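A.B. asks: with the sequence up front, the predicted model follows.
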Amino acid sequence: MTTSLPPNAALASFAPLIGEWRMSATHPMLPGEQFHGTSSFAWFEGGAFVLWRSALDDPRFPAGVAIFGSDDERGE
């Protein structure tokens, strides 16, 4: 049996970002080009972390994933 982690109050400010978003971007090494894609934010492990995924609609760029948490001992 696994134990659920409690929601992380330090990540509460991410709440407005939770969901899926369309995005556009530029790259300094590809001047004049505009890129489009998606970015999504979701609560992970019951709100103990925030999971961020992003992908551009261009095969030259890899998809990305990041997990946000906090350092409870340091309060960060």
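C.D. replies: That came through, no problem. As the structure is a computational prediction, the values presented were derived from the model and not from experiment.
A.B. asks: helix/strand/coil for the residue nearest to the spatial centre of the chain?
C.D. replies: For the chain, the residue sitting closest to the mean C-alpha position, by Cα atoms, centre = their mean, is residue 52 at 1.9 Å. Put simply, residue 52 is strand when judged by DSSP: H, G, I helix; E, B strand; the rest coil.
A.B. asks: can you pull the contacts of it?
C.D. replies: With contacts defined as Cβ atoms under 8 Å, 6 or more residues apart in numbering, the neighbours of residue 52 are 39, 40, 41, 64, 65, 66, 67, 68. Where you see a C-beta, it was placed from the backbone N, CA and C, and this is true even at glycine.
A.B. asks: find the nearest non-adjacent residue to the fourth one, please.
C.D. replies: Counting by Cβ to Cβ, 6 or more residues apart in numbering, residue 54 is the residue found nearest to residue 64 once chain neighbours are left out, at 4.6 Å.
A.B. asks: next up, the contacts around that neighbour.
C.D. replies: By Cβ under 8 Å, 6+ apart, the neighbours of residue 54 are 23, 37, 38, 39, 40, 63, 64, 65.
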